[in-house]
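Visitor: pasting a predicted model and its sequence here:
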Amino acid sequence: MEATGEVRAAKESPLGEVHQRLGAVMSERDGWSVPASYGDVLFEYAAVREGGAGLIDLSSRGRLLVSGSEAVPFLNGLITNDMKTLATNHWMPAVFPTVQGRLIASVRVIHRDDGYLIDTEAATHERVLQTVSRFTLAGDFRVTDLTAEIAQLSLQGARAGEIVRSVLGETAASLGLSEAAVAPWQESQATIIWASHTAENGFDLFVEANAAATLWEALTKAGARPMGFDAFEILRIEAGQPRYGVDMDETNVVTETNLDDAISYTKGCYIGQEIVARIKYRGHVAKKLTGLMFERAVNVRQGAAVRSLEDKEIGRITSATLSPHLGRSVALGYVKYDYLAPGTNVKVVSGDKEFAAQVTELPFMRAS
């Protein structure tokens with residue numbers, strides 16, 4: 001049979017018309033058409049880093065609602081964190097591991113009145129859906145893919161709380177680190193969690209798709225600056241936030257990926273738990289995701305080798321960017337355990353160039 005040559009069209013956000021009206025430069029990312037920028041990447045970056053607030057459309061992420069009387073025990077057997085401790089109107093980070101303790105997806109689980117909303121990256125949406133859906137015939141355990149029905153916005157920066165307060169009220173703006181709130185918006189409701197993707201103050205907002213445009217407009221009218229994924233990529237690297245398919249994937253053991261707050265070592269059995277616990281109690285992983293800071297602005301490719309001063313290969317670069325705030329290049333990468341101490345001097349070999357770098361604790365940036 002001959003190949004049809006069919007090309008699947010990129011998925012569109014409910015805010016597609018808004019981005020078009022704002023003159024966004026669009027790009028494809030993980031099968032979605034997303035705004036790369038609104039014309040000035042550094043201006044969008046500065047809105048977040050220099051005392052304002054940036055607003056980004058994260059509707060390309062996956063959103064799955066898990067419900068039913070057996071949702072907690074089923075999910076507890078699939079993820080690294082402890083579902084039994086998750087109270088209503090709270091959220092927690094978690095990881096879906098394989099039997100070998102390797103990473104399927106990094107997620108956030110939000111306990112709402114109607115069940116558990118799983119928020120995952122676009123790159124891992126289908127895999128998480130497949131992982132949880134195979135248990136729906138085993139008991140009172142239901143999975144609904146709400147990705148098309150719910151839009152997701154994120155507000156990042158020092159003014160994020162002030163803007164959320166003016167649009168959605170005091171309760172939404174005063175959330176604790178693991179709390180979730182529900183606020184009325186138009187004829188529906190918005191779910192809000194405190195969430196930093198940038199090492200700045202931040203909130204993620206989940207709202208019905210047909211109410212997303214008016215919420216976006218209200219937030220921008222209150223002072224938020226539209227931000228595309230080019231600026232967001234710089235910010236998330238500065239914040240030390242790994243991205244699936246770039247900084248981590250199923251070749252990585254969960255504990256290599258710097259997602260330590262997503263793992264409970266007291267909850268009991270789950271898929272991959274034996275491997276994860278064994279690594280923890282033997283002392284450490286062989287390598288771990290860490291930061292690398294360069295002396296100046298350099299051009300470092302993904303996959304560039306990290307070498308010791310004795311010229312021994314000790315790791316590789318996964319993400320790199322020029323940090324406008326620091327005035328130098330920074331990178332995320334895996335480095336062998338013996339070289340992880342902050343301040344360790346290393347060399348990075350990218351193409352035919354060699355650059356001096358220093359191992360650095362993450363994040364590179366911290367909110368003042």
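Guide: Done, it's in. Numbering: from 1, shown residues only.

Visitor: what packs against the least confident helix or strand in the chain by mean pLDDT?
Guide: In the chain, no helix or strand scores lower on mean pLDDT, DSSP states H and E than helix 273-282, which sits at a mean of 90. The contact analysis (3 or more Cβ pairs under 8 Å, 6 or more residues apart in numbering; DSSP states H and E) places helix 273-282 against strand 90-97. Heads up, the C-betas are built off the backbone N, CA and C, glycines and all.

Visitor: average pLDDT for whatever helix or strand comes next after the strand it packs on?
Guide: Downstream of strand 90-97, the next assigned helix or strand under DSSP states H and E is strand 103-112. Average pLDDT, strand 103-112: 98.

Visitor: and the angle for strand 103-112 with strand 90-97?
Guide: Angle of strand 103-112 versus strand 90-97, following axes from the mean of the first three to the mean of the last three Cα atoms, to 10 degrees, is 160 degrees.

Visitor: list the contacts of the next helix or strand after strand 103-112.
Guide: Helices and strands here follow DSSP H and E; after strand 103-112, the next one along the chain is strand 115-120. Strand 115-120 has contacts (Cβ atoms under 8 Å, 6 or more residues apart in numbering) with 61-68, 71, 75, 83, 86, 105-110, 128, 132, 142, 146, 152, 191, 204, 206.

Visitor: among those, which are in strands?
Guide: 62-67, 105-110, 142, 152, 191, 204, 206 (DSSP state E).

Visitor: could you measure from Glu12 over to Glu28?
Guide: 11 Å (Cβ to Cβ, to the nearest Å).

Visitor: who has more neighbours out of these two?
Guide: Between Glu12 and Glu28, counted using other Cβ atoms under 10 Å, Glu12 has the larger neighbour count: 16 against 12.

Visitor: now that one. Nearest residue, chain neighbours left out?
Guide: Distance criterion Cβ to Cβ, 6 or more residues apart in numbering; nearest residue to Glu12, sequence neighbours excluded, is Ser33 at 5.6 Å.

Visitor: over to Ser60?
Guide: Spatial nearest neighbour of Ser60, excluding adjacent residues (Cβ to Cβ, 6+ apart): Trp32 at 3.8 Å.

Visitor: how about Ala341?
Guide: Counting by Cβ to Cβ, 6+ apart, Ala341 lies nearest to Val359, which is 6.7 Å off, once chain neighbours are set aside.

Visitor: which residues does the nearest residue to Asp30 once chain neighbours are set aside contact?
Guide: Spatial nearest neighbour of Asp30, chain neighbours left out: Ala122 (3.8 Å); criterion: Cβ to Cβ, 6+ apart. Shown in contact with Ala122 (Cβ under 8 Å, 6+ apart): 29-32, 60-62.

Visitor: what do you get if the cut-off is 10 Å, keeping everything else the same?
Guide: Going by Cβ atoms under 10 Å, 6 or more residues apart in numbering, Ala122 touches 11, 29-32, 34, 58-62, 147, 244-245.

Visitor: write a PyMOL command that selects only the buried members of those.
Guide: Here is the PyMOL command that picks out the buried ones among the contacts of Ala122, judged by 16 or more other Cβ atoms under 10 Å:
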select buried, resi 11+29+30+32+34+58+59+60+61+62+147+244
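
Visitor: tabulate the contacts of Ala122 in CSV, adding columns for pLDDT, distance to Glu170 and secondary structure.
Guide: Formatted as CSV, the contacts of Ala122 follow (pLDDT from 0 to 100; distance: Cβ to Cβ, whole Å; DSSP: H, G, I helix; E, B strand; the rest coil):
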residue, pLDDT, distance to Glu170, secondary structure
Lys11, 96, 35, strand
Arg29, 97, 35, strand
Asp30, 96, 35, coil
Gly31, 96, 38, coil
Trp32, 98, 34, strand
Val34, 98, 32, strand
Leu58, 98, 24, coil
Ser59, 98, 26, coil
Ser60, 98, 30, coil
Arg61, 98, 27, coil
Gly62, 98, 30, strand
Thr147, 98, 30, coil
Tyr244, 98, 35, strand
Gly245, 97, 38, coil
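
Visitor: looking at the contacts of Ala122, which is nearest Leu322?
Guide: Leu322 has its nearest neighbour among the contacts of Ala122 in Arg29, at 20.1 Å by Cβ to Cβ.

Visitor: hmm, the closest one is touching Ala10, no?
Guide: Yes - Arg29 is within contact range of Ala10, at 8.6 Å (criterion: Cβ atoms under 10 Å).

Visitor: what do the two both touch?
Guide: Listed contacts common to Arg29 and Ala10 are Ser60; contacts here mean Cβ under 10 Å, 6+ apart.

Visitor: check the offset of stretch 195-212 from the chain's centre.
Guide: 12 Å (Cα atoms, centre = their mean, to the nearest Å).

Visitor: could you do stretch 78-85 as well?
Guide: What separates the centre of stretch 78-85 from the centre of its chain is 19 Å, taken as Cα atoms, centre = their mean.

Visitor: Lys336 contacts Gly315, correct?
Guide: Yes - using Cβ under 10 Å, Lys336 is in contact with Gly315, at 6.0 Å.

Visitor: so which of these two has more stuff around it?
Guide: The residue with more neighbours, out of Lys336 and Gly315, is Gly315; 24 against 16, by other Cβ under 10 Å.
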